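Student: kindly return the folded structure for what I paste below:
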Amino acid sequence: MLLETIKSFQTQTFQNWELILVDDGTSLFEVQQIEGWISNDVRVKHLRRMDGMQGASVCRNLGLKMAKGKWVIFFDSDDLITSDCLNFRMKECEKHDDLDMLVFQTAIFQNTPSDATRFWNRFYDQDDLLRFLNADVVWPICGSLIRREYILKNNLQFNEQALSFQDWEWHIRVLCKFPHYIKVSSPVNMFIRRNNSYIKNSDSHHQYEVTMNRLQNMKLLCLEAPIQSNYIYIEAIQRTMLFEIFRLQNNRKQHLEKFIIEIESMYSSSTINKIALYLKRRSKLLAIHPVLFKIYTRLSRKTYAQKALIMKRSYNSLIMH
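Tutor: Residues are numbered from 1 along each chain as shown. The predicted model follows:
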């Protein structure tokens, strides 16, 4: 799939680009394939991470250090772009040269871009930071085009300690620096692959250790000045954290009361208190017997607490026409 991504760059009508491939442990055979393919293209640089920490955040930070371009896009190894993508984006940058970031709509496909039927998410004229804090991921990692100077000036980096949600956290930290940006809805020339293998990999995000790491990183996000000073933002991230507890309970994880209390204590509001009480009751019933836990959860489906906890997300809900 990586070769397919590389090819989608090499067929761009806009030619003045650099592509930095950061290898996080590719097999020797795949390395030989990649190096053979890019050997005659000086615009493509292949960096192999040989030791130390691994993961998407580490690789993206390494790529950032090597980057020389004026604008930066982050790609996963299976994302694809149409041949006019970079040309269109550069024209938009020229039209809006005073901006720090431009965000573009992205479509989701399974096997080929032609089978794409959904956009990544809806673009609204709303507070994007609030949407992200509510775990409504407005755009994916490849959806934003960010001025490299802005990244350096604000000392922005990916959290290398995060075991999951690295992109989500990056977007929040970027928005906390108050960038000047616009969202461009069309045309769609960026495509993200989402198939069964992706869903299988994502299941690991719900494991206990990974979720605990995620909750810790969410707490650290609350120290960002724009979040810390706004109770609406605090309540949004509290709700997201409590939803993580809710999912752990659904996976029959016990002894979570102290985490519920800790999250509730961050900021007291009627909504958060009701959600916390609901989760505490679930936790107690789960400890007594799973059947009681299941019955209570079913009977609570239409309560305010559960409705407030499981908010309807717009994520992936917009069908392409």
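Student: now do the contacts for the residue in the chain sticking out farthest from the centre.
Tutor: The outermost residue of the chain relative to its centre, with distances by CA atoms, centre = their mean, is Ile288 at 36.5 Å. If you count contacts by CB atoms under 8 Å, 6 or more residues apart in numbering, Ile288 has none. In this view, the C-beta of every residue, glycine as well, is placed from N, C-alpha and C.
Student: from Phe104, how far out is it?
Tutor: 51 Å (CB to CB, to the nearest Å).
Student: returning to what we had before: what does the pLDDT read for the residue farthest from the centre of the chain?
Tutor: Ile288 carries a pLDDT value of 95.
Student: quick check: it vs Trp71, distance?
Tutor: Ile288 is 57 Å from Trp71, by CB to CB.
Student: just checking, Leu145 touches Arg89?
Tutor: Yes. If you go by CB atoms under 8 Å, Leu145 and Arg89 touch, sitting 5.6 Å apart.
Student: overlap of the contact sets of those two?
Tutor: Here Leu145 and Arg89 share the contacting residues 71, 102, 104, scored by CB under 8 Å, 6+ apart.
Student: quick check: the second one is in a strand.
Tutor: Which is Leu102. Yes. The assignment for Leu102 (DSSP: H, G, I helix; E, B strand; the rest coil) places it in a strand.
Student: can you name the residues bridging to it?
Tutor: Leu145, Ile182 (DSSP bridges).
Student: so who does it touch?
Tutor: Leu102 neighbours (CB under 8 Å, 6+ apart): 89, 92-93, 96, 144-145, 181-184.
Student: can you select the buried ones among those residues for me in ChimeraX?
Tutor: If you want just the buried ones from those in ChimeraX, going by 16 or more other CB atoms under 10 Å, the selection is:
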select :89,144,145,181,183,184
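Student: make CSV from the contacts of Leu102 and add pLDDT and distance to Arg60 to it.
Tutor: Shown next, in CSV, are those (pLDDT from 0 to 100; distance: CB to CB, whole Å):
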residue, pLDDT, distance to Arg60
Arg89, 96, 19
Glu92, 96, 23
Cys93, 95, 21
His96, 95, 24
Ser144, 96, 13
Leu145, 97, 15
Tyr181, 97, 19
Ile182, 97, 23
Lys183, 96, 22
Val184, 95, 23
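Student: and of the contacts of Leu102, the nearest to Leu242?
Tutor: Of all the contacts of Leu102, Leu242 sits closest to Ser144, with 28.0 Å by CB to CB.
Student: give me the distance between the nearest residue to the closest one once chain neighbours are set aside and Met190.
Tutor: Of all residues not flanking Ser144 in the chain, Val103 sits nearest, at 5.0 Å (CB to CB, 6 or more residues apart in numbering). Distance of Val103 to Met190, computed by CB to CB: 11 Å.
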